[in-house]
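Chemist: Fold the following, please.
(one chain, ligands or ions: 1)
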Amino acid sequence: MTIQAAEGTKDLLPGEAQHWEDFKRMSAEVFGRYGYVLIDTPVFEQTELFVRGIGEATDVVSKEMFQAVSGENLKRLVAGEAIKGKSRLSLRPEGTAGVVRAAVQHNLVPPGAAPVKLMYAGPMFRAERPQKGRQRQFNQVGIECLGAQAPSADAEAIIMLMRFFEAIGIPAEATCLLVNSLGCDECRPAYRERLYRHLQDNAALFCEECLRRAESNPLRAFDCKNPQCASAMEQAPMITESLCGACQEHHGQVKSYLAIAGVPYREEPRLVRGLDYYTRTVFEAQVTEGLGSQNAIGGGGRYDKLAEEVGGNPTPGLGFAIGYERCVLALKAAGYEFPSASTCDVFVACVDGTVQDAAFEAVQTLRDSGLSCEMDHQGRSLKSQFKLADRQGASLVLIFGPDELAEGSVTVRNMETHEEAKVSLEGIADKGCGGLLGLAGIGQPPV
Ligand code: AMP
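Modeler: Numbering: from 1, shown residues only. Predicted coordinates:
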């Protein structure tokens, strides 16, 4: 039996992998306009970072983390010994904890400094039950803004998130932005208590998991997919009714900045998001079609306590992450045409075997001059070589024939118009695609 990709993982095939590269480039371009610079952190970290940063009671940490075990520790495990401290490693389930850890470790945000704006891209790992839009390894691009307290920073990140979706081709009318505030250390404890009481008073209506999680974080009950729990949560107290004055003001200002930028949003007091580190603003972008229940394409929020959790100075922060594979599903649903992978600019074709050596030499020269260039290695007919050139996306074909070669020339064929003209072989490498077609008097290749 042939070995298949591991459950919940997906190959990005040629074309798809190119699109992921373009997606990353586009994110760097859009986020760069807002002052973000790239950071790249390891795909595995000490398990303790995620336990402390994301929260032990979250699904992500309690159920979905992939442990990374070195060979020697595996032997220890098999022998029944525990793996302790720094040797306990996990694949990152999300990017924020690692980026904040790196910022603290390398003192990227000294007290009083201007906010540091970091962006990242790469794979994340969660041992979830795979389904459409939910994988065990998936790609994210994301940002973290560290050191900014003001509500304008929250709004700026949300605006940037929505602008990015438009930039990659997800139409604004296909997305819906939800915003909420989760309060702070001042107001959340009293709210948690009210919510806990709601769960206890209506215990008969909730699933075991909600009741168990009520002890550690009753807000989790808002995320339960069980319809009976969801309906019992309809009557639950809302965090927005319990916000302290400072949180109310912060939330109000975030919304007013969104209005200034003309970014439509919906207030969703049930939006809690699955990670424990959020304080005040949380937000999520959803698509209205094509993704079923996994319709969140990106989301994030403010996390003013996270830097301290991982051992740093008090540093306000906020960020978001965007799921690449879900964006692809959203783009497909919106009828987006994915460009096919083009592998060459110039294809060098041979009329017969006598010109093979000269053609081979020309291919190397063209490549050395910076063009991507291909030739046939399987003795195909000229017609088949044209077909191959077409499949590979070549703008032009240089046809090497014995008669032309004898007089020191080759034929240039424009693959868009099929026009042909002779050019001198000498110096073809210096011309580039456009130059070659121009030289042959047959116009520019399609861009
Ligand atoms: P989160 O880190 O949970 O806030 O997720 C941020 C974004 O990553 C989500 O909005 C999704 O687009 C994407 N995402 C999260 N989990 C998965 C998954 N298991 N498979 C695919 N995409 C995911």
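Chemist: contacting residues for the closest residue to the ligand within the chain?
Modeler: The nearest approach of the chain to the ligand comes at residue 323, 2.2 Å away (Cβ to the nearest ligand atom). All C-beta spots, glycine's among them, are computed from the backbone N, C-alpha and C. Residue 323 sits next to 133, 138-140, 296-298 when contact means Cβ atoms under 8 Å, 6 or more residues apart in numbering.
Chemist: Write the PyMOL selection for whichever of those are buried.
Modeler: Here is the PyMOL command that selects the buried residues among the contacts of residue 323 (16 or more other Cβ atoms under 10 Å):
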select buried, resi 133+138+139+140+296+297+298
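Chemist: want to throw the contacts of residue 323 into TSV with pLDDT?
Modeler: TSV is the format used below for these (pLDDT from 0 to 100):
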residue	pLDDT
133	93
138	98
139	98
140	98
296	95
297	97
298	98
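Chemist: Same list (the contacts of residue 323) but as TSV, adding distance to residue 161.
Modeler: Putting the contacts of residue 323 into TSV (distance: Cβ to Cβ, whole Å) gives the following:
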residue	distance to residue 161
133	18
138	18
139	16
140	12
296	12
297	9
298	6
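Chemist: Flag every residue of this protein that's near the ligand.
Modeler: Residues of the chain lying near the ligand by Cβ under 6 Å from any ligand atom: 94, 126, 128, 133-135, 138, 140, 274, 296-299, 321, 323, 325-326.
Chemist: Keep only those of the residues you listed that are in helices.
Modeler: 325-326 (DSSP state H).
Chemist: Give me the average confidence score over the helix or strand where residue 330 lies.
Modeler: Assessed by DSSP states H and E, residue 330 sits inside helix 324-333. Mean pLDDT, helix 324-333: 95.
Chemist: what's the answer for stretch 268-281, then?
Modeler: 89.
Chemist: correct me, but residue 172 touches residue 262?
Modeler: No. Shown here, residue 172 and residue 262 do not form a contact pair, counting by Cβ atoms under 8 Å, at 10.1 Å.
Chemist: Who has more neighbours out of the two?
Modeler: Counted by other Cβ atoms under 10 Å, residue 172 and residue 262 do not tie: residue 172 has more neighbours, with 13 against 7.
Chemist: And the pLDDT for the nearest residue to that one once chain neighbours are set aside?
Modeler: Distance criterion Cβ to Cβ, 6 or more residues apart in numbering; nearest residue to residue 172, sequence neighbours excluded, is residue 166 at 5.7 Å. Model confidence at residue 166, given as pLDDT, is 96.
Chemist: Ok, the one 4 residues further on next?
Modeler: Residue 170 carries a pLDDT value of 94.
Chemist: State the distance from it to residue 285.
Modeler: Using Cβ to Cβ, to the nearest Å, we find residue 170 at a distance of 9 Å from residue 285.
Chemist: Mutual contacts of these two, please.
Modeler: residue 297.
Chemist: Of the two, give the one with the bigger neighbour count.
Modeler: Taking other Cβ under 10 Å, residue 170 and residue 285 do not tie; residue 285 has more neighbours (26 against 21).
Chemist: wait, what's in contact with the closest residue to the more buried one other than its chain neighbours?
Modeler: Using Cβ to Cβ, 6+ apart and skipping residues adjacent in sequence, the residue nearest residue 285 is residue 298, 4.7 Å away. Going by Cβ under 8 Å, 6+ apart, residue 298 touches 161, 165, 284-285, 320-323, 327.
Chemist: and residue 92, how many neighbours does it have?
Modeler: Neighbour count for residue 92, taken as other Cβ under 10 Å: 25.
Chemist: Touching, it and residue 120? I think so.
Modeler: No. Residue 92 is beyond contact range of residue 120, at 10.2 Å (criterion: Cβ under 8 Å).
Chemist: joint contacts of those two?
Modeler: By Cβ under 8 Å, 6+ apart, the residues touching both residue 92 and residue 120 are residue 41.
Chemist: spatially speaking, which residue is in the middle of this structure?
Modeler: Nearest to the mean C-alpha position of the chain, counting by Cα atoms, centre = their mean, stands residue 140 at 2.6 Å.
Chemist: Touching, that residue and residue 94? I think so.
Modeler: Yes. The criterion here is Cβ under 8 Å, and residue 140 meets it with residue 94 at 7.5 Å.
Chemist: which residues are common contacts for those two?
Modeler: Common neighbours of residue 140 and residue 94 (criterion: Cβ under 8 Å, 6+ apart): 124, 321.
Chemist: pLDDT score assigned to residue 129?
Modeler: On the pLDDT scale, residue 129 gets 94.
Chemist: Next: residue 428.
Modeler: 82.
Chemist: What of the one 4 residues further on?
Modeler: The predicted local confidence for residue 432 comes out at a pLDDT of 76.
Chemist: Just give me the neighbour total for it.
Modeler: Neighbourhood size, residue 432 [other Cβ under 10 Å]: 16.
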